[in-house]
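Peer 1: here is a sequence with its predicted model. Questions after.
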Amino acid sequence: MKRLETDLHLHLDGSLSIETVKLLAAQVGYDFEGRGGRKSLVAGENCESLVDYLKCFDLPGMLLQTEEALELASHHLTKELASQGLILSEIRFAPQLHTGKGLTKEKALEAVIRGVRKGTEKSHMHAGILLCAMVNGTDRENEETFELAKAYLGKGVVGVDLAGPEGMIPMEHFEPLFKEAGRRDIPFTIHAGECGDYENITKAVYYGAKRIGHGCAAIKSEACMDLLKKEKIILEMCVISNLQTRAVPSIEEHPLKAFYDRGIRVTYNTDNMTVSDTTLEKEAELIKKYMGFTEADLRQMNRYALEGAFLENRQKEKIFAFFDNNNYNEC
């Protein structure tokens with residue numbers, strides 16, 4: 001029986017299959033092959049930084065500007081995830097980045113909700129949507145994204161996130177945004193300590209984050225690691241992406257195993273399947289080979305992910321039951 005897995009950290013625009021991009025490009029008359037083809041979407045081994053990595057989002061961002069494109073993209077992605085055997089995924093995107101051709105943020109979100117529902121039909125996978133505020137976005141845009149998340153919470157949306165080039169704006173600038181999210185009972189995760197300082201992680205936890213996107217920099221602080229363990233914070237780690245963005249210098253120095261051995265609740269995720277040319281299976285095999293993780297360890301990390309998922313308790317209980325009854329380690 002196949003390993004049952006979860007992906008808590010997955011960006012829609014960074015995970016479009018090459019086939020989906022070709023289809024969307026053809027619809028708008030964009031010469032995909034003539035203008036870089038696959039190389040324009042995949043970071044590859046020559047990626048030098050997070051800024052370099054983010055360039056791979058330019059084409060998807062241009063193509064995902066209509067309801068039809070967003071619905072098709074999210075449909076194809078969730079269908080692919082379900083076919084890979086995932087039982088849970090949380091797909092994140094920033095509606096405000098898809099209004100370039102007059103689409104409203106509401107219409108962009110509703111299109112993604114429709115696509116996700118189509119993609120999960122007749123499968124065991126549950127998929128939720130996280131809406132991203134952007135580090136390089138305006139305060140008003142970010143506030144509107146959080147307001148939109150509140151309006152659609154439980155209707156496809158499961159929470160919010162802060163994404164984008166970490167460090168461009170100090171983390172404390174976003175404290176009011178997340179304090180308000182907490183008051184309004186909107187679950188949230190925050191990208192922190194990916195390519196920024198460990199202090200960003202500490203601040204994110206102080207703001208009320210129950211999960212942290214990446215969190216690599218915590219390895220530089222005993223106090224930060226102790227905080228993560230004490231507060232039972234879930235780290236959404238993405239090994240291949242971290243190597244490409246230079247969040248860590250080498251796989252031998254990646255802190256995933258050190259965190260796990262310390263009792264910190266780490267999970268493995270893809271971040272961007274296409275940009276990082278990865279899948280959960282690929283991530284799993286990589287960390288088994290280079291970090292010494294066992295299948296029992298992988299199962300524990302997937303349990304951490306289920307515990308940290310932004311789900312209603314009833315949904316969580318159902319998924320846990322399916323996980324425990326069908327995971328091959330129990331057979």
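Peer 2: That came through fine.
Peer 1: ranges for the helices of this structure?
Peer 2: 18-27, 50-54, 58-63, 67-83, 105-120, 139-152, 175-183, 198-207, 222-230, 239-244, 256-262, 280-291, 295-308, 313-326 (DSSP state H).
Peer 1: in the last one, which residues are buried?
Peer 2: Judged by neighbour count (16 or more other Cβ atoms under 10 Å), helix 313-326 contains these buried residues: 316, 319, 320, 322, 323. All C-beta spots, glycine's among them, are computed from the backbone N, C-alpha and C.
Peer 1: reformat these as CSV; add pLDDT.
Peer 2: As requested, the buried residues of helix 313-326 are arranged in CSV below (pLDDT from 0 to 100):
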residue, pLDDT
316, 87
319, 90
320, 88
322, 88
323, 88
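Peer 1: give me the nearest residue to residue 80, chain neighbours excluded.
Peer 2: Distances taken as Cβ to Cβ, 6 or more residues apart in numbering place residue 17 nearest to residue 80, at 6.5 Å, with adjacent residues excluded.
Peer 1: same check on residue 112?
Peer 2: Excluding its sequence neighbours, the residue lying closest to residue 112 (Cβ to Cβ, 6+ apart) is residue 74, at 4.5 Å.
Peer 1: likewise residue 131?
Peer 2: Here the residue nearest residue 131, using Cβ to Cβ, 6+ apart, is residue 149, at 4.5 Å.
Peer 1: for the closest residue to residue 269 other than its chain neighbours, list the residues it contacts.
Peer 2: Nearest residue to residue 269, sequence neighbours excluded (Cβ to Cβ, 6+ apart): residue 9, at 3.8 Å. Residues counted as contacts of residue 9 (Cβ atoms under 8 Å, 6 or more residues apart in numbering) are 90, 92, 189, 213, 214, 236, 237, 238, 267, 269, 270, 271.
Peer 1: nearest to residue 280, of these?
Peer 2: residue 270 (5.9 Å; Cβ to Cβ).
Peer 1: quick one: contacts for the residue nearest to residue 59 when sequence neighbours are not counted?
Peer 2: Of all residues not flanking residue 59 in the chain, residue 40 sits nearest, at 5.4 Å (Cβ to Cβ, 6+ apart). Contact analysis of residue 40 by Cβ under 8 Å, 6+ apart lists 32, 56, 58, 59.
Peer 1: go on, residue 103?
Peer 2: Per Cβ under 8 Å, 6+ apart, neighbours of residue 103: 65, 66, 67.
Peer 1: check residue 41 too.
Peer 2: 16, 18, 21, 56, 59, 60, 274, 275.
Peer 1: closest to residue 261 out of those?
Peer 2: Closest to residue 261, out of all of these and judged by Cβ to Cβ, is residue 275, at 29.3 Å.
Peer 1: count the residues that sit near the closest one.
Peer 2: 27 (other Cβ atoms under 10 Å).
Peer 1: same question for residue 151.
Peer 2: Residue 151: 11 surrounding residues under other Cβ under 10 Å.
Peer 1: quick revisit: give me the pLDDT for the residue nearest to residue 80.
Peer 2: Predicted confidence (pLDDT) for residue 17: 95.
Peer 1: do the same with residue 201
Peer 2: Note on residue 201: pLDDT of 98.
Peer 1: residue 304: what's its closest spatial neighbour, skipping adjacent residues?
Peer 2: residue 265 (4.4 Å).
Peer 1: tell me the contacts of the one you found?
Peer 2: Contacts of residue 265 by Cβ under 8 Å, 6+ apart are 228, 232, 233, 234, 235, 304, 307, 308.
Peer 1: with residue 290 instead?
Peer 2: Contacts for residue 290 were tallied using Cβ under 8 Å, 6+ apart; they are 251, 252.
Peer 1: list the buried residues of stretch 7-25.
Peer 2: By neighbour count on 16+ other Cβ under 10 Å, the buried set for stretch 7-25 is 7-16, 20-25.
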